[in-house]
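# model the structure of this input:
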Amino acid sequence: MVEIRRLSECTIEQGVEAWNKGFEGYHFDMTTTPEAFKKRIDQEGLSGDLSVVAFDGEEPVGLVLNGTRESAGRKIGWNGGTGVAMSWRKKGVGKLLMEKTLQILNEQDVEVATLEAISGNEKAIELYKKLGYEIVDELHFMKLDGAVERKVPSDTREYNIRKADPEEIGRLPFYRGDFPWQTQWQSVRDGEGMIAFNDEGRAAGYAFFRKLTDEQGNHTRTILYQCETAPDKKEREEITNALLNSVFENFADPISRTAVNVPVTANAATYKVLRDRGFEKNFSQVFMKKELQE
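Predicted coordinates for the structure are as follows:
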């Protein structure tokens, strides 16, 4: 008989074992170590008290990592990973873990539960739907490598763009705290940010990102997490282009550029500009939500 325990009641080794078994054969190599597991929990704001692990006796056979944040006055829950050991799949363990997760989130007065699922993972998506989750958007991971020709018209309006910490961006009135969890500023604390201002000195848009370097300190990759404009701005694509030019340094360097979890509908202006600039979809996910308190 499977027993569900809180992650806080388990050792770090049991949590790692549950994770590695649970994601065996996944679309990507998700193998982790105690150090990397702890880092993931800290960086993503996950909670041992809210996360659950399935046991067969003393053997971990699955888990769901969970965390909560507040955005626009609402308490939001996030599923940071659901995995079940191969030998226990199709036996209802995932359903038990998710039901326990929803019970815990309800006890914590969480108002909306969110998660992302690989678009082709139909079995997982179907399970989430049966539990009351709905697909609210499609999320694309997009990529553009190498130096590219500047495609923005020469008469494009210039904006005053200054550097800002992601946390400062999180305080802007039009900051999108409803975007996917890993693209929120709390998950990119060590990143960089930009805010674009119009002629009146008002914030018109923002972006935050992270730059990666090789062992020699050479810039090799930039990862974009969010790029958004004020909702009342007619020139949204123009502002987005200006921000992306600053983030990617006019696309002149021979680096790899990635935009993660871009909402196709909710972030339509940014998605269009990225496509226009040459970014292509690498893979996609669905963004799912379940209202817990109407």
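
# which parts of stretch 216-232 are buried?
Going by neighbour count (16 or more other Cβ atoms under 10 Å), the buried part of stretch 216-232 is 222-230. Every residue, glycine included, has its C-beta placed from N, CA and C.

# show the average pLDDT along it.
Averaging pLDDT along stretch 216-232 yields 95.

# any idea how far it is from the middle of the chain?
How far stretch 216-232 lies from its chain's middle: 14 Å, per Cα atoms, centre = their mean, to the nearest Å.

# now stretch 134-146
10 Å.

# past the longest helix seen in the chain, which element shows up next along the chain?
In the chain, with assignment by DSSP state H, the single longest helix is helix 93-107. Sequence order places strand 112-118 as the next helix or strand after helix 93-107, per DSSP states H and E.

# the inter-axis angle of that following strand versus helix 93-107?
150 degrees (axes from the mean of the first three to the mean of the last three Cα atoms, to 10 degrees).

# which other residues reach strand 112-118?
By Cβ atoms under 8 Å, 6 or more residues apart in numbering, the surrounding residues in contact with strand 112-118 are 27, 74-79, 82, 101-102, 105, 124-125, 128, 133, 139, 180-181, 261, 283-292.

# return the list of helices and strands in contact with the next helix or strand after that strand.
Downstream of strand 112-118, the first helix or strand assigned by DSSP H and E is helix 122-130. On a contact count with 3 or more Cβ pairs under 8 Å, 6 or more residues apart in numbering; DSSP states H and E, helix 122-130 meets helix 93-107, strand 112-118, strand 280-291.

# residue 245 is nearest to which of the ones you listed?
strand 280-291 (19.1 Å; Cβ to Cβ).

# show the contacting residues for the residue nearest the centre of the chain.
In the chain, the centroid-proximal residue (Cα atoms, centre = their mean) is residue 182; its distance is 2.6 Å. Residues counted as contacts of residue 182 (Cβ under 8 Å, 6+ apart) are 44, 225, 260-261.

# which element is residue 19 on?
Judged by DSSP H and E, residue 19 forms part of helix 12-22.

# list the contacts of that helix.
7, 10, 30-34, 37-38, 53-54, 60-63, 81-86.

# how many neighbouring residues does the residue lying closest to residue 293 once chain neighbours are set aside have?
Leaving aside its chain neighbours, residue 293 sits nearest to residue 111 (4.7 Å; criterion: Cβ to Cβ, 6 or more residues apart in numbering). For residue 111, the neighbour count with other Cβ atoms under 10 Å is 18.

# okay, residue 111: pLDDT?
Residue 111 carries a pLDDT score of 97 in this model.

# quick one: secondary structure of residue 67?
strand (DSSP: H, G, I helix; E, B strand; the rest coil).

# give me the neighbour count for it.
Residues near residue 67, counting by other Cβ under 10 Å: 19.

# tell me the bridge partners for it.
Counting by DSSP bridges, residue 67 is bridged to residue 46, residue 78.

# what of residue 5?
Here residue 5, judged by DSSP bridges, has bridge partners residue 53.

# show me where the stretch 101-250 of the chain has helices.
Remark: helices assigned in the stretch 101-250 of the chain by DSSP state H, counting those that start in this stretch are 122-130, 166-169, 236-247.

# so can I have a markdown table of those helices showing mean neighbour count, mean pLDDT and distance to residue 255?
Listed next are those as a markdown table, based on neighbours: other Cβ atoms under 10 Å; pLDDT from 0 to 100; distance: least, Cβ to Cβ, whole Å:
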| stretch | mean neighbour count | mean pLDDT | distance to residue 255 |
| --- | --- | --- | --- |
| helix 122-130 | 15 | 96 | 33 |
| helix 166-169 | 18 | 97 | 21 |
| helix 236-247 | 22 | 95 | 12 |
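
# thank you kindly, that will do.
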